[in-house]
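# structure, please.
(4 chains)
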Number of protein chains: 2
Amino acid sequence: MPHAAAATPQLLRRVNAQAVLRHIRGADVATGTELMALTGLTRASVIAVCEDLIGRGWIVEQDQPADPASPRKGRPARRFAFNRGAGFVLGLDIGAATTTAAVADLRGTVIGRSSGSFRAADIPAQERIGVVDLACCEALEAAGADPGRVLAVGAGIAAPVDRDGNVLVTQRFWSLFDVGLRSALKELHGWTVLLENDANLAALGERWRGSGVGVDDLVVLLAGERLGAGVMESGRLLHGRGGAAGEMGYLDMVEGVGSSDGIAALVRQWSAAGGGPSAGGPASAPRVFADAAAGDPAALAILDRISERMARVIASIASLINPEQVVIGGAVAESAGALLPGITALLPRFTATPPRVTVSPLGDAIVTAGAVRHALDYVEANALELALPARG
Amino acid sequence: MPHAAAATPQLLRRVNAQAVLRHIRGADVATGTELMALTGLTRASVIAVCEDLIGRGWIVEQDQPADPASPRKGRPARRFAFNRGAGFVLGLDIGAATTTAAVADLRGTVIGRSSGSFRAADIPAQERIGVVDLACCEALEAAGADPGRVLAVGAGIAAPVDRDGNVLVTQRFWSLFDVGLRSALKELHGWTVLLENDANLAALGERWRGSGVGVDDLVVLLAGERLGAGVMESGRLLHGRGGAAGEMGYLDMVEGVGSSDGIAALVRQWSAAGGGPSAGGPASAPRVFADAAAGDPAALAILDRISERMARVIASIASLINPEQVVIGGAVAESAGALLPGITALLPRFTATPPRVTVSPLGDAIVTAGAVRHALDYVEANALELALPARG
DNA sequence: GGTAATTTAGATACAAGCTAAATATATTGC
DNA sequence: GCAATATATTTAGCTTGTATCTAAATTACC
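The predicted structure follows:
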């Protein structure tokens, strides 16, 4: 049996340092007195902790601001600021056809971005990894960030990933890809890669900087090339046994209707109508919506039909998970706004606990935003264990 | 802003005492050396912690066993044992028609049980509370347990309860009942009542002492008077925004089929066929199963139909939550065994991640078992904050 | 411009809890 | 009875915390 780590005095420092760091991170700059109030520690302890954190590189002591704007009495306080440039994180959105990499500082501000496309669907894993690596390096270059200062990489893929960040072997394609990707980036740059399902990352992103800020029970529908849901309950991502929570590809059949009438079909239909990423047909989404606004019965019927399907899916989620809010994101999001009133109106007919329904404002960046957040979560949780590379 | 409790040296003792107590609870009796190995602490600390726990009444020092069966060399070790009689917990199953109370010691062994019925559906809350209180007192009497030594009361009701143990005001009937129940039991006996949804408690019970032991991603379908699901993900109960997670009453409509064909109808149909609690019609469940076994086409058709409905419900859960196992419990459980092969065979057609499906072995006690576990969880989590009443 | 008031910083004394190492105690085996 | 063995207890020292007192730096005021 493994040791249950004994609580030694050092644990106290770690706990208190985490608390202090969390507050400084949230407040941009903090004084000892503020930290005393926030943490409940004495001044002596707060100062000791801050000195510790300065030594580790996580915070820096700021000069006194020469601004007469805030003239306060008494001896000026030492000002401790979060060192947002102590390192960087990468957020990756690895799709079937393209990959996007985003570089962010430790506050999550994106300071570099780059995309790359895969030449074909059946290229060898080595080439795929090369495209991803190139996107990462280009994004770092654009940000002026040293690859050696990347503390973690969050990566979203369109496959189930369990809560330990592993892809099931049964997912043959992604499995091979992943094994190679993770070890390749580790060997090339020494990076730690944290894999997650793309819909789960979308949920993280939406709760962080989307329309679900502060919502603990949140579901994000990521509809585009495929349909997946990222489910957060009590502020935590749900994975299920094999990471397949929210994989609704098969819901079609469950609905008891022919699969040609199900969700996947809905997305296809929508896409064919110009709402999806591969738009271009004569019946474009804008035209359908315009026609509907003008009162065209055929266009209205299409919208009604789509709204009802969406409402049924959301109601099914509401009955099982009871989220406070459901966000529609992904490629279909830009067209989804017009459907909201219809969906919202239908929901009470299908569920006793209808959630608020919104459309994601994050657009294409929904997965990379979540990937950045995922990497930051890891860095923040392990801050005191991670050694910051010395400033070059 | 509230103080984030500062980590003081006392926290160490609390953490280590919890760890030691947890191990002693699991091992029945432990020596200092064993605890050193399990916790990673030094002997001095382990002994100090144990002395502390003895003083608080949670553990007792056992006499040396005069058994030559285990003749060991060296100085005999002090033997610390969990004081399972330091207090008691109550587990309540509060149904629409009846209430059952179970008394258990701190190991969860049920040592007393009693039930009571409500005279009618519309009796005043005061009378309802009286029935519940009487069942509690009778169960305690049967167990020979002093009501003053009850440390917590877990109570399951057939309504949504949020993760703080509160019933939504919109649930008018249960809301009134609960407010009265909680304060009444507090005033009468000083008990702390922990409310939970009955299906959620069924999940706790099933993971504790049912067919889901050790399963972290578990769903329990509680089918009887109504249909509800208790969902555990990563070993935690899911509540959702208002505690309505798993309330599948409305799934009928979502399935896109007439509600007369849905789940509630399934349960009604099953019940009418004698599978439910209100059995008694001429077409009893045993007869249907017997006929089916004899090859009767009509009976076989009924079973097939029910199996397919069950499979669709479970598949819907599998697609959204991806549990490792689904347990069928409640009044229909006794008849459900015969359906398992059919359900299991159908599942792969409806979901890519079919869970293992089993039938609960807990019978009527499924909710009280979970209620006891719920109360024990509370007691164990707050052991060092709870003052044990002095031995009478 | 000196002085009081105010606010923060730093230093000292002490308490809680843990480790480590030396010493004491109780039992078995010969 | 004595060695071997396993456990218990004691003592010194480390880390981290609190509490309290004194020092420093700035503003406000006369």
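
# could I have the host helix or strand of residue A:379 exported to CSV, CA atoms only?
In this structure, residue A:379 sits in helix A:366-381 according to DSSP states H and E. Below are the C-alpha coordinates for helix A:366-381, written out as CSV (Å, rounded to 0.1, in the frame of the first residue of the first chain):
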residue,chain,number,x,y,z
ILE,A,366,-13.6,28.3,-28.2
VAL,A,367,-11.4,25.2,-28.0
THR,A,368,-8.0,27.0,-27.8
ALA,A,369,-9.4,29.2,-25.1
GLY,A,370,-10.3,26.1,-23.1
ALA,A,371,-7.0,24.5,-23.9
VAL,A,372,-5.2,27.6,-22.5
ARG,A,373,-7.4,27.4,-19.4
HIS,A,374,-6.7,23.7,-19.0
ALA,A,375,-3.0,24.3,-19.1
LEU,A,376,-3.3,27.2,-16.7
ASP,A,377,-5.3,25.1,-14.3
TYR,A,378,-2.5,22.6,-14.3
VAL,A,379,0.2,25.2,-13.8
GLU,A,380,-1.7,26.9,-11.0
ALA,A,381,-2.4,23.6,-9.2
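
# report whether it contacts chain B.
No: Helix A:366-381 is not in contact with chain B by Cβ under 8 Å from any Cβ of the partner chain; minimum separation 15.3 Å. For glycine as for every other residue, the C-beta is placed from the backbone atoms N, C-alpha and C.

# tell me the buried residues in that helix?
Across helix A:366-381, burial judged by 16 or more other Cβ atoms under 10 Å in any protein chain shown covers A:366-379.

# determine how far it lies from the middle of the whole chain.
6 Å (Cα atoms, centre = their mean, to the nearest Å).

# what ranges do the strands span in chain A?
Applying DSSP state E to chain A gives strands spanning A:29-31, A:59-62, A:79-82, A:88-94, A:98-105, A:110-117, A:150-157, A:193-197, A:218-223, A:227-233, A:236-237, A:325-329, A:356-359.

# for those, which one ends up most surrounded?
With neighbours defined as mean count of other Cβ atoms under 10 Å in any protein chain shown, the strands of chain A peak in mean count at strand A:218-223, which reaches a mean of 30.

# just checking, what packs against that strand?
Judged by 3 or more Cβ pairs under 8 Å, 6 or more residues apart in numbering or on different chains; DSSP states H and E, strand A:218-223 is in contact with helix A:198-209, strand A:227-233, helix A:297-321, strand A:325-329, helix A:366-381.

# and those, which one is worst for confidence?
Lowest mean pLDDT within these: helix A:297-321, at a mean of 83.

# I'd like to know which elements that one is packed against.
By 3+ Cβ pairs under 8 Å, 6+ apart, helix A:297-321 packs against strand A:218-223, strand A:227-233, helix A:263-272, helix A:285-293, strand A:325-329, helix A:340-350, helix B:251-254, helix B:297-321.

# between the helices and strands packed on strand A:218-223, which gets nearest to DNA strand D?
With Cβ to the nearest atom of the strand as the criterion, DNA strand D lies closest to helix A:366-381 of the helices and strands packed on strand A:218-223, at 18.5 Å.

# next, the angle from the closest one to strand A:88-94.
Relative orientation of helix A:366-381 versus strand A:88-94 (axes from the mean of the first three to the mean of the last three Cα atoms, to 10 degrees): 140 degrees.

# what packs against helix A:366-381?
Secondary elements touching helix A:366-381 (3+ Cβ pairs under 8 Å, 6+ apart): helix A:9-27, strand A:88-94, strand A:98-105, strand A:110-117, strand A:150-157, strand A:193-197, helix A:198-209, strand A:218-223.

# let's have the helices and strands packed on strand A:218-223 in a markdown table, adding distance to DNA strand D.
Output for those, formatted as a markdown table (distance: least, Cβ to the nearest atom of the strand, whole Å):
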| stretch | distance to DNA strand D |
| --- | --- |
| helix A:198-209 | 29 |
| strand A:227-233 | 32 |
| helix A:297-321 | 39 |
| strand A:325-329 | 38 |
| helix A:366-381 | 19 |
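
# export these to JSON lines and tack on distance to residue B:87?
Below are the helices and strands packed on strand A:218-223 laid out as JSON lines (distance: least, Cβ to Cβ, whole Å):
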{"stretch": "helix A:198-209", "distance to residue B:87": "41"}
{"stretch": "strand A:227-233", "distance to residue B:87": "32"}
{"stretch": "helix A:297-321", "distance to residue B:87": "36"}
{"stretch": "strand A:325-329", "distance to residue B:87": "42"}
{"stretch": "helix A:366-381", "distance to residue B:87": "36"}
